[in-house]
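**Q** A predicted structure for the sequence below; I have some questions about it.
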Number of protein chains: 2
Amino acid sequence: MPKPTDSKEKTLAAAARLFRRQGFHGTALQDILAAGGAPRGSLYFHFPGGKEEIGEAALTMAGEATRQGIARAAEASESAEAFVARIARRMASDLEESGFHDGCPIATTALETSAQSEALGMATRNIFRNWEGEIARGLQRFGIAAEDAEEMAEIMLAQLEGALLLARTYRDPTPLRRAEQALKLLLSAWPTK
Amino acid sequence: MPKPTDSKEKTLAAAARLFRRQGFHGTALQDILAAGGAPRGSLYFHFPGGKEEIGEAALTMAGEATRQGIARAAEASESAEAFVARIARRMASDLEESGFHDGCPIATTALETSAQSEALGMATRNIFRNWEGEIARGLQRFGIAAEDAEEMAEIMLAQLEGALLLARTYRDPTPLRRAEQALKLLLSAWPTK
């Protein structure tokens, strides 16, 4: 019999997968139970706040995994250009290998709930801010000044998120390939102060 | 008593507004009826395919209005830079004036349904492609070659969509202001072949 913590983690992992593929409102509690294999009672025990509480915890977990992936991409890269390419290509391969199902783990829920749920609005806001911060730290590793890195990080996250949205909708990774080109061009053209 | 066409158009306008603010799955048929003021019978008469059919028609209508807005922005602009600025600022003002509710009319539904509904996947794909085409036509007005314009249009749409996602989630228009800066820089740095 799994320990409570296992069942909690399995539930969150299943919820994060479902929210990524079909959004928050498109995922019923029943779907999360079926996918996570947890008994209904354990779900109410671990998440007395219901679906919103599961959403907050699942997104935060998925967001943290992505933040760590950004940090690893920076460590494994020899230039800002290589760092950007690594992130864009990882997004493209996740998308393609999942048959164009696995886009951004956060964006769908952010768009669905930002106007409705304070808890989920706050969670998605914090996750995107953390990603921006990690991209900015990565850029600073390659000698980009803190203030420039902060602005560029927001521009990069926007370019990549928008490209992922288009690539998923088109079922074609081209927008992510072009995002990589655009961001490399931006890095070379950025006016240093 | 309204004519059937009035009631059909009102229903579609109400549906488009709701899908924009809270997504496809977060909007119940009941919400569309309440917001559009149409009797339930007229809804089934006009849209025998139910919510998916309403979604397809409402998104197509909203997408066409945006496409026309892009065309007008190009006509009213004297340079590619001014064209880009006009689009980004319009997105920012729509967002701010609606209390950060009115983001992209298509993106939420595209993310929610692209993996699930062939009809909605196709509709959202066509709308984004039409916007790209209209941006590319706009860029060509300012002397940019067709092939470059096509690539740049996709990059621009991705940058603006991603910035709108972040701006809405942050409740702060800064990402759209930075997207405008980035796209102007891209225009100046683009290697002409």
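**A** Thanks, I have it.
**Q** drop to CA atoms for contacts and neighbour counts, all remaining ones
**A** OK.
**Q** counting contacts, what elements does the helix or strand of chain A with the lowest mean pLDDT pack onto?
**A** Least confident helix or strand, chain A: helix A:40-46 with a mean of 86, by mean pLDDT, DSSP states H and E. Counting contacts by 3 or more Cα pairs under 8 Å, 6 or more residues apart in numbering or on different chains; DSSP states H and E, helix A:40-46 is packed against helix A:4-22.
**Q** who's in contact with A:A57?
**A** Applying Cα atoms under 8 Å, 6 or more residues apart in numbering or on different chains to A:A57 gives the contacts A:L12.
**Q** now the one 5 residues further on
**A** Applying Cα under 8 Å, 6+ apart, one finds that A:A62 lies in contact with A:16, A:105-106.
**Q** tell me which element it falls in.
**A** Here A:A62, judged by DSSP states H and E, is contained in helix A:50-75.
**Q** average pLDDT for that helix?
**A** Mean per-residue pLDDT for helix A:50-75: 97.
**Q** can you pull the buried residues of that helix?
**A** For helix A:50-75, burial by neighbour count (16 or more other Cα atoms under 10 Å in any protein chain shown) applies to A:51-52, A:54-63, A:66-67, A:69-74.
**Q** any buried residues in the following helix or strand past it, and which?
**A** Following helix A:50-75 in sequence order, the next helix or strand is helix A:80-97 (DSSP H and E). For helix A:80-97, the neighbour count (16+ other Cα under 10 Å) marks A:80-88, A:91-92, A:95-96 as buried.
**Q** please save the CA atoms from helix A:80-97 in CSV.
**A** These are the backbone C-alpha positions of helix A:80-97, laid out as CSV (Å, rounded to 0.1, in the frame of the first residue of the first chain):
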residue,chain,number,x,y,z
ALA,A,80,23.7,33.0,-24.2
GLU,A,81,22.9,31.9,-27.7
ALA,A,82,23.4,28.3,-26.8
PHE,A,83,21.3,28.7,-23.7
VAL,A,84,18.4,30.1,-25.7
ALA,A,85,18.7,27.4,-28.3
ARG,A,86,18.8,24.7,-25.6
ILE,A,87,15.5,25.9,-24.1
ALA,A,88,13.7,26.4,-27.4
ARG,A,89,14.8,23.0,-28.7
ARG,A,90,13.7,21.3,-25.5
MET,A,91,10.3,22.9,-25.8
ALA,A,92,10.1,21.7,-29.4
SER,A,93,11.1,18.1,-28.6
ASP,A,94,8.7,17.9,-25.6
LEU,A,95,5.9,19.1,-27.9
GLU,A,96,6.7,16.8,-30.9
GLU,A,97,7.4,13.7,-28.8
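**Q** now it, how far from the centre of its chain.
**A** For helix A:80-97, the separation from the chain centroid amounts to 13 Å (computed by Cα atoms, centre = their mean, to the nearest Å).
**Q** what do you get for stretch A:13-29?
**A** Distance of stretch A:13-29 from the chain centroid (Cα atoms, centre = their mean) equals 14 Å.
**Q** can you check stretch A:110-119 too?
**A** On Cα atoms, centre = their mean, the centre of stretch A:110-119 falls 16 Å from the chain's centre.
**Q** ok, that stretch near chain B or not?
**A** Yes. Judged by Cα under 8 Å from any Cα of the partner chain, stretch A:110-119 and chain B are in contact via A:110-116.
**Q** report the buried members of those.
**A** Buried members of those, scored by 16+ other Cα under 10 Å, are A:110-115.
**Q** show me those that map onto helices.
**A** Within these, residues falling in helices by DSSP state H are A:110-113.
**Q** minimum pLDDT in the residues you listed, which residue is that?
**A** Within these, lowest confidence goes to A:T113 (92).
**Q** my guess is that residue contacts B:R20, does it?
**A** No. Using Cα atoms under 8 Å, A:T113 is not in contact with B:R20, being 11.4 Å away.
**Q** got any ranges where chain A has weak pLDDT?
**A** Scanning chain A for pLDDT under 70 picks out A:1-5, A:193.
**Q** quick check: angle from the helix or strand hosting A:L186 to helix B:174-189?
**A** In this structure, A:L186 sits in helix A:174-189 according to DSSP H and E. Per axes from the mean of the first three to the mean of the last three Cα atoms, to 10 degrees, the angle that helix A:174-189 makes with helix B:174-189 is 80 degrees.
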